[in-house]
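Visitor: Give the three-dimensional model of this entry:
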Amino acid sequence: MKRYLRHIDAVLRRRSAKEIRKTAILMVVIISVAAYLLGYEITTSTFLLIPIALATWYGSYRQGVYFALLSAFIWHLIDTVFAAHPYSHPLIPYWNTSVRLGLFLITTLFLTLLKSQLNNEKNLSRTDSLTGMMNGRGFAEAAEKMFKLGARHGRPTCLAYIDMDDFKQVNDQRGHSEGDKVLQTVGEVFLKSVRKTDVAGRLGGDEFAIALPETNEAGAKSAFNKLRKNLAQAMQKNNWSVGFSIGAISFDLPPSNFDEAIKLADVLMYQVKKSGKNNILFEHYPPDKKDSAESGRNFNGILNP
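Guide: All right, here's what the predicted structure looks like:
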């Protein structure tokens, strides 16, 4: 049963807001027609909670309120106009409508609060508490979605793997509290340097990564040279002898498998480490055939000081 519900949830999450509204409206119509045909002796009003919950959970609180009002109004029409069965007092159908509307609105409010709480907990579980950036799990999920989208639409995407140089010396010589300050400062620089559409995360320890959507090779060089400059200024300002080895790859067509992309960027970063640290190496993927023949390898880099 849980597996079935998870499948339904996954399907609905992929639907647009317009599709969710259409589905909810269709359900309201079906339930309303059934209510009219079955008559007032068999109540079906509680089934209207299904489209209301659907619109609230996969849409918004406003949509939930809209469907709550719509459902209560349609039910009132069926109760008083179409079915028109007698009541002992003329105000009873209005009372019934008010009770149903109250139930619908309370359900909408409860689901909205529950959804907000779950989203907060989800964000916390994917956020690095020290730097405020995404943690490894959060970054992988967000970047993987970005890469799949880029691969589907044939859009350029860039990925950089960043490792701090000589960070261990700060911890050993000045203590872990000072090391935490370094990481917090690095996190602040990252968050200030990236766009809202970019994804930045701390993968663990002193390793970071950034994914840039809709970014070609020229854009990648501009963005990461600027980031490297901002990081260097922050380190100099605080008198921290820490550098950054960066491997940045721009993909004309990103691989749908994100693990493949992160491995390529990781390998590129280690090439910077081996060549003297505190530098940045750019790659274009797939590599140009002419450059590959001249360099004698399929994955060649251009070192930029």
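
Visitor: partner strands of whatever helix or strand residue 284 lives in, parallel or antiparallel?
Guide: Assigning secondary structure by DSSP states H and E places residue 284 in strand 280-285. Strand 280-285 has the following strand partners under DSSP bridges: strand 243-251 (parallel), strand 302-304 (antiparallel).

Visitor: now it, how far from the centre of its chain.
Guide: Mean-position distance between strand 280-285 and its chain equals 26 Å (C-alpha atoms, centre = their mean, to the nearest Å).

Visitor: and of the strands paired with strand 280-285, who's closest to residue 116?
Guide: strand 243-251 (35.6 Å; C-beta to C-beta). In this view, the C-beta of every residue, glycine as well, is placed from N, C-alpha and C.

Visitor: So for the helix ranked longest in the chain, what gets flagged as buried?
Guide: Assignment by DSSP state H gives helix 92-125 as the longest helix of the chain. Burial within helix 92-125, assessed by neighbour count using 16 or more other C-beta atoms under 10 Å, is assigned to 93, 96-97, 100-101, 103-105, 107-108, 111-112, 115.

Visitor: before we move on, what SS does residue 191 have?
Guide: On the three-state scheme (DSSP: H, G, I helix; E, B strand; the rest coil), residue 191 is labelled helix.

Visitor: Wait, it touches residue 128, no?
Guide: No. Taking C-beta atoms under 8 Å as the definition, residue 191 is not a contact partner of residue 128, at 11.1 Å.

Visitor: The two: which has the busier surroundings?
Guide: residue 128 (20 against 13; other C-beta atoms under 10 Å).

Visitor: That one touches residue 201, doesn't it?
Guide: Yes. The criterion here is C-beta under 8 Å, and residue 128 meets it with residue 201 at 7.4 Å.

Visitor: where in the stretch 51-200 of the chain is pLDDT low?
Guide: Low-confidence segments of the stretch 51-200 of the chain (pLDDT under 70): 83-84.

Visitor: residue boundaries of the strands in it?
Guide: With DSSP state E, counting those that start in this stretch, the ranges of strands along the stretch 51-200 of the chain come out as 157-165, 199-204.

Visitor: Can you name every helix or strand that the first one contacts?
Guide: Meaning strand 157-165. Secondary-structure packing of strand 157-165 (3 or more C-beta pairs under 8 Å, 6 or more residues apart in numbering; DSSP states H and E): helix 136-153, strand 207-213, helix 217-237, strand 243-251, helix 258-274.

Visitor: Mind putting those into a markdown table with mean neighbour count?
Guide: Output for these, formatted as a markdown table (neighbours: other C-beta atoms under 10 Å):
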| stretch | mean neighbour count |
| --- | --- |
| helix 136-153 | 18 |
| strand 207-213 | 24 |
| helix 217-237 | 16 |
| strand 243-251 | 25 |
| helix 258-274 | 17 |
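
Visitor: which stretch among those comes nearest residue 183?
Guide: strand 207-213 (9.5 Å).

Visitor: who's in contact with residue 112?
Guide: 56, 61, 64 (C-beta atoms under 8 Å, 6 or more residues apart in numbering).

Visitor: Return the set of buried residues in stretch 70-77.
Guide: 70-72, 74-76.

Visitor: cool, and stretch 199-206?
Guide: Of the residues in stretch 199-206, 199-203, 206 count as buried by neighbour count, 16+ other C-beta under 10 Å.
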